[in-house]
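A.B. asks: no letters, just coordinates:
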C-alpha cells in the first residue's frame, strides 16, 4: 500500500495544533506516512471554503509539514466545497486552486477534494441545466481542478471523497465515477458501511473492480462523533481481512476528538498494517496498553478498557463483559444464589479498587480524556454492589419463616436503590456497556420485586 495514516475528519471541535504536532510524531513512530487535515467543524474546510486560510494558520500548518517531514509523514490538506459549490461556474475552480497553492508553497503535495455528507442531487439551477446528474458535475469539477493544479504542482497527488462513499458500489453514481474519473485521481471509500463492522477480501476486490482502481480506505474507526459520542472507542483494530491490503492504495483511519485516547486503537492498527497475517487483536490491545499505561496500573486499566470496546467494529460486549453477564444469568437461572452473590461482589470490589487507582492518576491528558468513562465505570461498581446487597437481603428474607414487615421494607428499599442506579445511566453522556448489562440488572430487579410481592 502507498498510504497508511489518519484523516482528522470527525465532527466536533477540531484538535489543537499542539495535539496535531504530538499526533504527527506518534504517526511517524508507528510507521504511518500520511496525515490528512479535514475537520468538519473548521469553517475554512467546509462553509468558508472559498476563503484563504489566515496567515497565522498557514504558519501553524508549515510547522506541522516540517515536523511531518522529520517523521516521514506527509501532511495533506483537504477542502470540502460541496455544500455551496456551483460546479458550472469556472471561477469556482480558480478559487479552489488558489486555496491550495499556499499549501503547495509550504511543502504540501497531496490534496483532497471532498464531496462527502452533502445532498445527493444537484441544487443549483445552472448546474441542473448543464449536467445530467451530480456525479458528472463532480467529475467535471475534479478534472478541471486537477488540470489547473497540475500546472502549478508537478508532483501532484489528488484524493477525491465521493458523495456516495460506502456500500456495495453498484449504484449508478459509483459505477460512473469509476469509469469516468481520471485514473490519476485517488478515490476514498469507507467500505460496506459508513463505519464498517468488517471489510473482507471479497468487498475489496469488488469495489476495486467497480472504481477501476485501488481505493484509499477512509476507515471510520476509532471516531466517536455524532450518535457515538457516549462511547469510548479504545478497543483494538479488527475485522479487516489481511488480503484487503492487496486491493487498497491506502488506509487512513478517522480518530476520535479525544486525541490521546485515539492512540491506543491507532497503535493496534499500525501493528496490523505491519504484519496483517500474524495480527492478533487481543495481543495488539495488550501491547498498545503497555505502551501508554504505566506498569503499576496496567491491570486496572485493562479491566476498565475491557468495558469500553463497544463500537461499530465491535458492536457487542467485550469477552470479559459477555462472560460476566453469562455467569450472572446462569447462577440466577439455576438459583445458585451463593455463587451469584459471590460473583457479583467480586466484580464490584474489583471495579471499586481499579476505579480508585485510575481516578488517582496524575494530571495526564491520556487519563483526563477518559475520566468521564472512568467515573461511569466506578458507578457500575456501585450499582453491582447495590444489586448484590438487594439479592442478599431478599435471600435472607426468604430464609425467615415469617416475612416481617420491617424486612420486606428493607428489601423494597434495597431494590429501589439499585433500580435508581441503573436508571441514571440513561441520562449519562457516557456509555461503557451495551444494553445487555443494563437489561440483566434491571430484569433481575423486576424478578426480585415480583418474588417479594413488591410493586
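C.D. replies: Received it, and whenever you're ready, just let me know what you need. What you see is a predicted model; the values in this text were computed from it and never measured. Residues are numbered from 1 along each chain as shown.
A.B. asks: what residues go with each domain of the chain?
C.D. replies: Here the chain is described, according to automatic domain parsing, as comprising the domains 3-277, 319-452.
A.B. asks: which of these has the lowest average pLDDT?
C.D. replies: The weakest mean pLDDT among these belongs to domain 319-452, with a mean of 82.
A.B. asks: re earlier: so which of the domains of the chain gets nearest residue 300?
C.D. replies: When the domains of the chain are ranked by distance to residue 300, counting by CB to CB, first place goes to domain 319-452 at 3.8 Å. C-beta here means a position set from N, CA and C on the backbone, and glycine is covered the same way.
A.B. asks: now find how far off-centre the closest one is within its chain.
C.D. replies: A distance of 28 Å separates the centroid of the chain from that of domain 319-452, by CA atoms, centre = their mean, to the nearest Å.
A.B. asks: and for stretch 192-204?
C.D. replies: Here stretch 192-204 shows a centroid-to-chain-centroid distance of 15 Å under the convention CA atoms, centre = their mean.
A.B. asks: now do stretch 284-304
C.D. replies: Here stretch 284-304 shows a centroid-to-chain-centroid distance of 20 Å under the convention CA atoms, centre = their mean.
A.B. asks: which residues touch that stretch?
C.D. replies: Residues lying outside stretch 284-304 but in contact with it, judged by CB atoms under 8 Å, 6 or more residues apart in numbering, are 235-237, 263-265, 267-268, 271-272, 305, 320, 350-351, 353-355, 357-358, 361, 366, 373-374, 377.
A.B. asks: helices - which of those residues land there?
C.D. replies: The helices in this structure, assigned by DSSP state H, contain 263-265, 267-268, 271-272, 305, 320, 350-351, 353-355, 357-358, 366, 373-374, 377 from these.
A.B. asks: of these, just the buried ones, PyMOL syntax please.
C.D. replies: Taking 16 or more other CB atoms under 10 Å as the burial criterion, the selection of buried members of those in PyMOL is written as:
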select buried, resi 263+264+265+267+268+271+272+305+351+354+355+357+358+366+373+374+377
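A.B. asks: all helices for the stretch 301-450 of the chain, in order.
C.D. replies: Counting by DSSP state H, counting those that start in this stretch, the stretch 301-450 of the chain forms helices over residues 319-333, 337-359, 365-399, 405-424, 435-452, given from the N-terminal end onward.
A.B. asks: may I see the buried residues of the last one?
C.D. replies: In this case it means helix 435-452. The neighbour-count criterion (16+ other CB under 10 Å) identifies 436, 437, 438, 440, 441, 442, 444, 445, 448, 449, 452 as the buried residues of helix 435-452.
A.B. asks: what's the angle between that helix and helix 405-424?
C.D. replies: 160 degrees (axes from the mean of the first three to the mean of the last three CA atoms, to 10 degrees).
A.B. asks: what is helix 435-452 packed up against?
C.D. replies: Applying 3 or more CB pairs under 8 Å, 6 or more residues apart in numbering; DSSP states H and E, one finds that helix 435-452 makes contact with helix 319-333, helix 365-399, helix 405-424.
A.B. asks: what's the answer for the shortest one, then?
C.D. replies: Contact partners of helix 319-333 among helices and strands, from 3+ CB pairs under 8 Å, 6+ apart: helix 337-359, helix 435-452.
A.B. asks: name the surrounding residues that touch it.
C.D. replies: Outside helix 319-333, the residues within contact range by CB under 8 Å, 6+ apart are 303, 306-307, 316-317, 336-337, 339-340, 343-344, 347, 433, 436-437, 440, 444.
A.B. asks: could you rerun that using 7 Å?
C.D. replies: Applying CB atoms under 7 Å, 6 or more residues apart in numbering, the set of residues contacting helix 319-333 from outside is 306-307, 317, 339-340, 343-344, 347, 433, 436-437, 440, 444.
A.B. asks: and if you look at stretch 209-224?
C.D. replies: When contacts are defined by CB under 7 Å, 6+ apart, stretch 209-224 is touched by residues 3, 7, 10, 159, 161, 165, 169, 174-175, 178-179, 183, 186-191, 194-195, 207-208, 231, 233, 237, 247-256, 262, 265, 311-313.
A.B. asks: and stretch 305-313, by the same measure?
C.D. replies: Counting by CB under 7 Å, 6+ apart, the neighbours of stretch 305-313 from elsewhere in the structure are 195, 197, 221-222, 231-235, 238-239, 289, 317-318, 320-321, 373, 377, 432-434.
A.B. asks: flag every buried residue along that stretch.
C.D. replies: Using 16+ other CB under 10 Å as the test for burial, stretch 305-313 gives 305, 306, 307, 308, 309, 310, 311, 312, 313.
A.B. asks: and for stretch 156-171?
C.D. replies: 156-167, 169.
A.B. asks: would you format the residues you listed as TSV with distance to residue 66 and secondary structure included?
C.D. replies: Shown next, in TSV, are the buried residues of stretch 156-171 (distance: CB to CB, whole Å; DSSP: H, G, I helix; E, B strand; the rest coil):
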residue	distance to residue 66	secondary structure
156	20	coil
157	19	strand
158	23	strand
159	22	strand
160	27	strand
161	26	strand
162	32	coil
163	34	coil
164	37	coil
165	31	coil
166	35	strand
167	39	coil
169	38	coil
